[in-house]
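> when you get a sec, could you give me coordinates for this:
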Amino acid sequence: MEFKDDTFIIATANDNVLVGIKRHYDENSQLAKITSSLTGINTDLLTIFHLIDYIHFYYIGEVFIEKEPHHGFFMKDLGDAGRVLVTKNFSDLSSCIRFDKDFLVDCFALDAPSDLANVNVDGCRISFDIGALSKLSEDNRDKFKYSLKQNEIKLYKDIDGKIPCPDSDDWNKKSIRNSLESWFHTLQNGEALWFLESDPEPLDPSNPVIDIHLDHYKNRSKHQIPTRVKIVTISGEELWRGYMDNGRIQGRVHPDRVDHPGWKSRITLSLNEGSDEDPHLDKVGQSLTAVEYNHYLTGSLRHGKLHGLVLKYGVMPNDPEGHCAGAVLPGLAFVGRYDNGKLFGHAWRGLTGGSWIYGDIDESGEFTGKGNVAFIYQDLETAVVGTFKNGIMVSCPKSFADT
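Numbering: from 1, shown residues only. Coordinates of the predicted model:
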């Protein structure tokens, strides 16, 4: 039933009377509340679908209605190793471990009616064993991760640790420029890779310290003085705060935060050059997400050091002594991998003006070498390969453009 103010109700009718549960939606099509209309219903005539609806109302409804939904989701603690029951529409149910307020792992969908078969009907009241629900078998079920904020599911079998690319056929039909633009556009969202696996030991249990080296910030006048740093979870909950001094971030994690599950997901490390009175930094526990920063990185840790795929945001001039060396512009600035705190392999570095450097990282963690580093122009089609030292081109062969 639709109303003049664009709100509406979804319900079931029997002999011109509303029966079962009524779902009330606001003008933005978001679930606002759930009410019951039991008039005229005969429980003996309920189909299994009616029965499941009643379970949703009497069990889930009674538990969740008084609680504010989180990003439109309702959750109930099942009291079993952090496992929760989660639903958005009161029809599809999943069992998950709540890793963070926006992030669920080890999820599997509940199969109605088989998972909800142990139902006790007592007059108009229906209930089932919550303990049995929490111990449902996960065998032969597709397990997934769930981002509530983005309303996105990723099956574990589809997570391979790589940056996702478009369909291969579509990708191959595009020009190099269109392919790179599409790839960079995806990565501009600092939360795009929320689902990637992290190391099982982000902190050393015997010595929970942070020790992060960001060599690209060394010897820059703006970063030779201590810079305020904050590490937050994928959902924005604060884990640690400290300083970066000439490219190095060190500090011990507070005992109350050592066992926080957020360390085992991708974290956001903000590099906020604000003063000690900066409101973003002085509200302990304030929820901030990656998109609220201009200068930050996302990645994961192993024993307090960067490990795995890291994305950096906040583009700086490549030359630490050059013009405007301290300037930071918003946007994707780096894509590369760390191994126990050290850069390795191939990497991308964004430059002011829209150009890029791509190539091998040397032992010092820099773009240094001959013939293995390229400068890519803003058109993302033209490139020169030459000799580089610390990301700065020293020389390159003479070349001519085809006509």
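> can you list contacts of stretch 343-362?
215-216, 315-318, 324, 327, 329, 331-338, 365, 367-369, 372-378, 380, 383, 388, 391 (CB atoms under 8 Å, 6 or more residues apart in numbering). From N, CA and C alone the C-beta is placed, and that goes for glycine too.
> can I get it in PDB? Just the C-alpha atoms.
What follows is stretch 343-362 as a C-alpha-only set of coordinates in PDB (Å, rounded to 0.1, in the frame of the first residue of the first chain):
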ATOM      1  CA  LEU A 343      58.600  -2.500  -0.400                       C
ATOM      2  CA  PHE A 344      59.200  -5.100  -3.100                       C
ATOM      3  CA  GLY A 345      58.200  -6.000  -6.600                       C
ATOM      4  CA  HIS A 346      56.400  -3.700  -9.100                       C
ATOM      5  CA  ALA A 347      54.700  -0.600  -8.000                       C
ATOM      6  CA  TRP A 348      52.800   2.500  -9.200                       C
ATOM      7  CA  ARG A 349      53.400   6.000  -7.900                       C
ATOM      8  CA  GLY A 350      51.100   8.900  -8.800                       C
ATOM      9  CA  LEU A 351      52.600  12.300  -9.500                       C
ATOM     10  CA  THR A 352      51.200  15.800  -9.300                       C
ATOM     11  CA  GLY A 353      49.600  16.700 -12.700                       C
ATOM     12  CA  GLY A 354      48.300  13.200 -13.300                       C
ATOM     13  CA  SER A 355      51.400  11.400 -14.600                       C
ATOM     14  CA  TRP A 356      52.700   8.100 -13.100                       C
ATOM     15  CA  ILE A 357      55.900   6.100 -12.400                       C
ATOM     16  CA  TYR A 358      55.700   2.400 -12.800                       C
ATOM     17  CA  GLY A 359      58.500  -0.200 -12.400                       C
ATOM     18  CA  ASP A 360      60.600  -2.300 -10.100                       C
ATOM     19  CA  ILE A 361      61.300  -1.400  -6.500                       C
ATOM     20  CA  ASP A 362      65.000  -1.700  -5.600                       C
END
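> need the pLDDT of Asp44.
Asp44 carries a pLDDT value of 32.
> quick one: mean pLDDT for stretch 218-226?
pLDDT averaged over stretch 218-226 gives 67.
> tell me which strands the biggest strand by length in the chain pairs with, and in which orientation.
Longest strand in the chain by number of residues, with DSSP state E as the criterion: strand 329-339. Each strand paired with strand 329-339, and its direction, by DSSP bridges: strand 308-315 (antiparallel), strand 342-350 (antiparallel).
> among those, show me which one is buried the most.
Ranked by average neighbour count under the criterion mean count of other CB atoms under 10 Å, the strands paired with strand 329-339 are headed by strand 308-315 at a mean of 22.
> which residues of the protein fall in helices?
48-55, 62-64, 130-134, 168-173, 176-187, 279-282 (DSSP state H).
> generate a ChimeraX selection restricted to the buried subset of the contacts of stretch 343-362.
Of these, the buried ones go into a single ChimeraX selection, burial set by 16 or more other CB atoms under 10 Å:
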select :216,315,316,317,318,329,332,333,334,335,336,337,338,365,367,368,372,373,374,375,376,380,383,388,391
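> related to what we said a few turns ago, with mean pLDDT and distance to Arg177 added, can I get the strands paired with strand 329-339 in a markdown table?
Listed next are the strands paired with strand 329-339 as a markdown table, based on pLDDT from 0 to 100; distance: least, CB to CB, whole Å:
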| stretch | mean pLDDT | distance to Arg177 |
| --- | --- | --- |
| strand 308-315 | 91 | 19 |
| strand 342-350 | 92 | 15 |
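> kindly reformat these as JSON lines containing distance to Gly247.
Listed next are the strands paired with strand 329-339 as JSON lines, based on distance: least, CB to CB, whole Å:
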{"stretch": "strand 308-315", "distance to Gly247": "13"}
{"stretch": "strand 342-350", "distance to Gly247": "12"}
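> between those, which gets nearest to Leu196?
strand 308-315 (6.4 Å; CB to CB).
> that closest one vs helix 176-187, what angle?
Counting by axes from the mean of the first three to the mean of the last three CA atoms, to 10 degrees, strand 308-315 lies at 100 degrees to helix 176-187.
> these two touch, right, Leu306 and Ile212?
Yes. The pair Leu306 / Ile212 is scored as a contact, 5.7 Å apart, by CB atoms under 8 Å.
> overlap in contacts of the two?
Joint contacts of Leu306 and Ile212 (CB under 8 Å, 6+ apart) are Gly341.
> looking at those two, which is more packed in?
Leu306 (26 against 22; other CB atoms under 10 Å).
> how about the more buried one, nearest residue that isn't a chain neighbour?
Spatial nearest neighbour of Leu306, chain neighbours left out: Tyr338 (4.0 Å); criterion: CB to CB, 6 or more residues apart in numbering.
> who's in contact with the one you found?
Taking CB under 8 Å, 6+ apart, one finds Gly299, Lys305, Leu306, His307, Gly308, Val310, Phe344 in contact with Tyr338.
> what about it, distance to Thr352?
Separation of Tyr338 from Thr352 (CB to CB, to the nearest Å): 24 Å.
> beta-bridge partners for the residue nearest to Asp77 when sequence neighbours are not counted, please?
For Asp77, ignoring the flanking residues on the chain, the nearest one in space by CB to CB, 6+ apart is Val84 at 5.6 Å. Going by DSSP bridges, Val84 is paired in beta bridges with Asp77, Cys96.
> tell me, how many residues neighbour Val84?
20.
> let me know whether it touches Ile97 as I believe.
Yes. With contact defined as CB under 8 Å, Val84 and Ile97 form a contacting pair (7.5 Å).
> buried sites along stretch 256-270?
Quick answer for stretch 256-270 (16+ other CB under 10 Å): Arg257, His260, Gly262, Trp263, Lys264, Ser265, Arg266, Ile267, Thr268, Leu269, Ser270.
> looking only at pLDDT, what's the mean for it?
89.
> contacts for it, please.
82, 99-100, 103, 190, 193-194, 196, 198-200, 202-203, 205, 208, 212, 229-237, 239-240, 249, 280, 288-290, 293, 295-301.
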